[in-house]
Structures are given as structure tokens and as C-alpha cells.
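Trainee: With the input below, show me the fold.
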Amino acid sequence: MITSGYAFVGVLLGLAALIVWFEKRKAWKLFKYVPGFVLLYIGAALLNTFGAFGDSKEIENVGGSIRDLLLPAMILLFLFKCDLRKIVKLGPKLLITFFMTTVSMIVAFTAVFFVFQGLVGDEAWKGVGALSASWTGGSANMVAVQGILHAPQDIFGYVLIVDTLMYSIWLLIMFGSVAWSDKFNRWTKADVTYLNAHTGSEAGEADKPMDLASLLSLIGFSIMISAAATWIGTMLPDIGIVINSTTWTILIVSVLGLVLATTPIGKTAGSADVAQIMLYMIIGIIASGSDFTSIADAPAYLLIGALVLVVHAGLMTIYAKLTKTELFSLAVASTAHVGGVASAPVVAGAFNRQLVPVGVLFALIGAFMGTIVGLLIAQILAVI
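Mentor: Prediction:
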């Protein structure tokens, strides 16, 4: 049984390294269906379920301190790729579709939770709020909202299962939609010519090779900014249920990350990789507090997650018919919400390779907004 904080961190890092090595070096087909961080979550949770991690105050303190330090730094680095100047160039039609997708998610989460909240516990709104952050942003946003709301780890385990399962199904549907996009566009009488105006105009910038200077700069400055934002967050007042010191910290690094993304600092090589390492560590720490013996409660969360996507799809179909919107922007915006940076560009590429940057930028908008929208939805769920 592990009771030392150092051994606890070592096991999580070793497990993460092993999973990433197999994912990147061996390219097993398993990783096409199950992301590496989900396997890390399952592995760490199983270790805790079978008693590998002892009930140690040292483990709790070390894990909590590392998570609180890395979370703001991770969000800051993820936002380095978000360039507002490119987002503005997308054009109003695509942006309107993206924001209507967000609105449909807010309505879907609110309506479904209002009807089915009796099937889950009193603190379920915290977990479902974290899920909404993932489905309006990404995994980093979900972790951020979980940290802000202090959602029970068992509930967070359920919503992570829902997130993974529903994401896989939804991605399959989005890929399949390419085959009938022409029929859909004829049904909505959509005009697709405006997309051609952006084709090839958002060429991505290749990252420079990562070296010691870029690596140490990213780690050093992101953690320094994280510590400073955390200190400032503790000085600001709490507002309502969800605006607390952690919320202020996340908002500070989110705005700062967005600003830095427009400067040469945002182009520092390796920011996404360093942020990904931090994400793995945070996921591992969170998972280490989960216990799968209570998995029997998950079906209620699976039902809520599935119905949220059904309502979301229905609302977006109505929007497309009323506004004569084409399927491409609907599918990519929806994937950017439910999936994120890793999947939205892939779905965009399935429609048209030259429009891949649209998927990237949609996902980056979601990465910035996800935490804020997730907290908004959580606030609504808390009072209904």
C-alpha cells in the first residue's frame, strides 16, 4: 500500500508515461476509441479501488497542492494557440452558428437536468456542471469546473465515463454526417459559397522545434503566473455559489492566456505538449480519489448525457432549417463543443481538408469559453 506522497506522484507519472508511450510509439488501435487520459483515469481509479493508495494525509496534501498549482498553468498554456485575430476572420455566419451551438447546450442541460434530477443525488449538479464544461469546451475546462465546484470524485468519475462514451458515439455520428451533407444542405436550402471565401485563408503556423529554452520558459513562467494568479484570486471577493478564489484564478489565467496568444510568447514551441503533460497529471490525481465500486449509479448519468445530446441535435436542426445553415458548420461546431481540439479539426477535414483551421479555431473558442459557460450552466442547475 502506498502512503508516501513522493511514491504516489511517481506511480501516477509512471503510469501516464507508460500509456503515452504505447499511444505514441505503438499506435495501438485501442487509442482510436479510448483517449490515453481516459485510460490513465481508469488505471489510477482501479489502483485506488483495489487499495493501492492508502488513506494517507500526505497523499491528499501532495496531490491537492500539485493539482492547484498545475491547473491554472495548464489552462494558460492551452490558450497560447488561441488567436483572436484569426477568430474574427471567420465571419459572422460561422461564429453565429458556433454560439447558437453553445446556447443549445445550455438549454439542453437545463431542460434534461430539470426533468431527471430526481434520479441523481443532491450534489449531482456539480458533476453535470463539469460535464457541461467539457461539452462546451474540453477536458481541461471540465477539470477546471470540477476543481472550482469541488464536485465529489465519485460523481466526477461517472461524468467522465459519460463524457467518454457519448463523445465516441457523437464523433461517429459526425463522421457519418459527411455522407448525407448534400441532402441536408438541400433540405435547409443552405448557401455554402461563403465557406469558399475562407478556404485556405487560415493556414496554420507550424511549431518551431522545442528546445531547453522554450521548455524551461513554458514550465517556469506558466507556474510562476499560476502562483501569482492564485494569490490574486485569494484577495478577490466571493460572488454567488461559483465565483470563488479558484474561479478568479481560472478567469485571470484565461484572460492572460488569450492576451499572450496574440504576442510572440504565444508562439513558443511546445506549449501544447507541456499543457498536455499537466493535464495527464491532474487527471491522474483526480482519478486517484475515485472508487469504481459505486459504478452502479452511472446509468442515470448516462441517460442524462444521452438526452442532452438528443435535445442539442434537435435544436440545432431547427436552427439550420430556419437560418438555411449548411451541415459543415453544424457538425464542426458540435464536435468542437462535445470533443475539442483533438476532434473538431478531424471532422472539419472529413468535410474539406482546407477547412481544418475552422475546426481548430472553433475548438479554441470553446477552450476559452468552456469554463465560463460550464460555471453558468452549473449555476443554473444549482437553483432549478
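
Trainee: OK, contacts around the nearest residue to Ser329 once chain neighbours are set aside?
Mentor: Leaving aside its chain neighbours, Ser329 sits nearest to Thr97 (4.4 Å; criterion: CB to CB, 6 or more residues apart in numbering). C-beta here means a position set from N, CA and C on the backbone, and glycine is covered the same way. By CB atoms under 8 Å, 6 or more residues apart in numbering, Thr97 lies in contact with 319, 325, 329-330, 333.

Trainee: any idea whether Thr97 is helix, strand or coil?
Mentor: Following DSSP: H, G, I helix; E, B strand; the rest coil, Thr97 is assigned to helix.

Trainee: One more: Met210?
Mentor: Going by three-state DSSP: Met210 is coil.

Trainee: Give me the pLDDT value at the residue nearest to it when sequence neighbours are not counted.
Mentor: Nearest residue to Met210, sequence neighbours excluded (CB to CB, 6+ apart): Gly270, at 3.7 Å. Gly270 is assigned 86 on the pLDDT scale.

Trainee: you'd agree Gly270 is up against Leu216?
Mentor: No. Taking contacts as CB atoms under 8 Å, Gly270 lies outside contact range of Leu216: 10.2 Å.

Trainee: Which one of those two is surrounded by more residues?
Mentor: Gly270 (21 against 10; other CB atoms under 10 Å).

Trainee: Please report phi then psi for that one.
Mentor: Note on Gly270: its backbone torsions stand at phi 100, psi 0 [degrees, to the nearest 10].

Trainee: Kindly report the same for Phe53.
Mentor: As for Phe53, its main-chain torsions (degrees, to the nearest 10) stand at phi -100, psi 120.

Trainee: just Asp238 next, same as before
Mentor: Dihedral angles (degrees, to the nearest 10) for Asp238: phi -70, psi 140.

Trainee: quick one: contacts for the closest residue to Ala275 other than its chain neighbours?
Mentor: Leaving out its chain neighbours, the residue that sits closest to Ala275 by CB to CB, 6+ apart is Leu77, at 3.7 Å. Residues near Leu77 by CB under 8 Å, 6+ apart: 218, 222, 257, 271-272, 274-275, 278.

Trainee: any chance of those in JSON lines, plus neighbour count and secondary structure?
Mentor: Shown next, in JSON lines, are those (neighbours: other CB atoms under 10 Å; DSSP: H, G, I helix; E, B strand; the rest coil):
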{"residue": "Leu218", "neighbour count": "24", "secondary structure": "helix"}
{"residue": "Ser222", "neighbour count": "25", "secondary structure": "helix"}
{"residue": "Gly257", "neighbour count": "26", "secondary structure": "helix"}
{"residue": "Ser271", "neighbour count": "26", "secondary structure": "helix"}
{"residue": "Ala272", "neighbour count": "14", "secondary structure": "helix"}
{"residue": "Val274", "neighbour count": "23", "secondary structure": "helix"}
{"residue": "Ala275", "neighbour count": "24", "secondary structure": "helix"}
{"residue": "Met278", "neighbour count": "28", "secondary structure": "helix"}
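
Trainee: Report the lowest-confidence entry in those.
Mentor: Out of those, that is Ala272, at 80.

Trainee: how close does it sit to Phe37?
Mentor: In this view, Ala272 and Phe37 are 14 Å apart by CB to CB, to the nearest Å.

Trainee: again, but for Lys189
Mentor: 41 Å.

Trainee: And Ile173, by the same measure?
Mentor: 22 Å.

Trainee: Pick out whichever of these two has more residues nearby.
Mentor: The neighbour count for Ile173 versus Phe37, taken as other CB under 10 Å, is higher for Phe37 (23 against 14).

Trainee: Relative to Asn352, which of the contacts of Leu77 is nearest.
Mentor: Asn352 lies nearest to Ala272 out of those, by CB to CB, at 23.9 Å.

Trainee: Geometric centre of the protein: which residue is closest?
Mentor: For the chain, Gly138 is the residue whose C-alpha lies nearest the centre (CA atoms, centre = their mean; 1.2 Å).

Trainee: I'd like to know the phi and psi angles of that one, please.
Mentor: Per degrees, to the nearest 10, the backbone of Gly138 is at phi -180, psi -170.
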